[in-house]
Each structure stands twice: as structure tokens, then as C-alpha cells.
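Trainee: What follows is a predicted structure for the sequence shown.
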Amino acid sequence: METAEAVISRIKGVLTEDPPEHVSRLRRIAEIIRVARGYHWLGLYEVGHGEIEALTWTPEEAPPAHPRFPVTEGLCGAVVKSGETVVVGDITKDARYLTTLSSTRSEIIVPIRRAPLAPILGLMDAASNREDYFTNEDRAFLEQCSTILAEIWR
């Protein structure tokens, strides 16, 4: 597995390239993160007034079952409400879970914002097809990635 520092360097490289279309840039970053960490799925969501909307996901052939949903629903809604990262080791035991992929067994959702108490702009949602997949190292890594994403978030 690639080191966190190497992945962060690759993400920052995407930020220094000629500015592509916003969602295209986010898709490239999401793919870098997913592949480098061996995640089954990774999606980036925008948090709007009353709604959460999927902007991009990887792999592209696995779209989320709920591309838009109320800001009060699901694990993503729980992150918006609490302002904190949510890690679920077994999604079958969490009533808040909205099915994205039928193969998902564990999930981590990280808020994207410019400062610790600033409004949440977006969410990074990583899924695994194995229970209890996400570690404290994954959490720290994804939270670091979310800080970088906040720099380019619209």
C-alpha cells in the first residue's frame, strides 16, 4: 500500500495541473484515494441547503443508489448533524445506513470544510465490502485528504 505522504503528494499534483473542470478534478482525486487505499468505493458529496448530492464516485460504473437525499438522512446526514467523522464497522447493524451498494459492509464518512467549526461543504464517503475495514490510520488519512479537498471545493 502506498504511504499516506505519497498519496497526498499525488493529490497535490492534481491541484497544480491546469485547472480542469471542477468535478473532473474531484473524480481524479477520488480515484487516487480509492485505489491507493484499496477501498471498494469512494464518493464525494456536496452538502447544500437541505440536500446532499453525489458529485462523483469511483469506480464510475458503481453509482450510488441515492444520488440525492435529504440532509437529515443516512450516515452522511449524521456527519452533517454532528460535524464529526462517522465510522461504521458493520452497516447492517446501523439503522441510519442508506444502501449505496449492496456489497458494502463497512463505511467511513468524513466532513469536508475549510476550518474545524466552518460549515460542512461536502462529504467523502469510503466503503468496503469487508466488515470492520476502516482503521484509525484510514480516518487520519481521509481527514487529511478532506482538508486538501476543502481548498478547491466550490
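Mentor: Perfect, thanks for sending it.

Trainee: State the distance from the nearest residue to residue 105 once chain neighbours are set aside to residue 88.
Mentor: Distances taken as CB to CB, 6 or more residues apart in numbering put residue 131 closest to residue 105, at 4.7 Å, once the chain neighbours are dropped. In short, each C-beta sits where N, CA and C put it, glycine included. Plainly put, residue 131 is 10 Å away from residue 88 if you go by CB to CB, to the nearest Å.

Trainee: one step back: any idea of the pLDDT on the residue nearest to residue 105?
Mentor: Predicted confidence (pLDDT) at residue 131: the value is 97.

Trainee: Mind listing the residues bridging to the residue nearest in space to the middle of the chain?
Mentor: Central residue of the chain (CA atoms, centre = their mean): residue 124, 1.5 Å from the mean position. Beta-bridge pairing for residue 124 (DSSP bridges): residue 44, residue 110.

Trainee: you'd agree it is up against residue 143?
Mentor: No - with contact defined as CB atoms under 8 Å, residue 124 does not reach residue 143; the gap is 9.0 Å.

Trainee: shared neighbours, these two?
Mentor: Here residue 124 and residue 143 have residue 110 as joint contacts, going by CB atoms under 8 Å, 6 or more residues apart in numbering.
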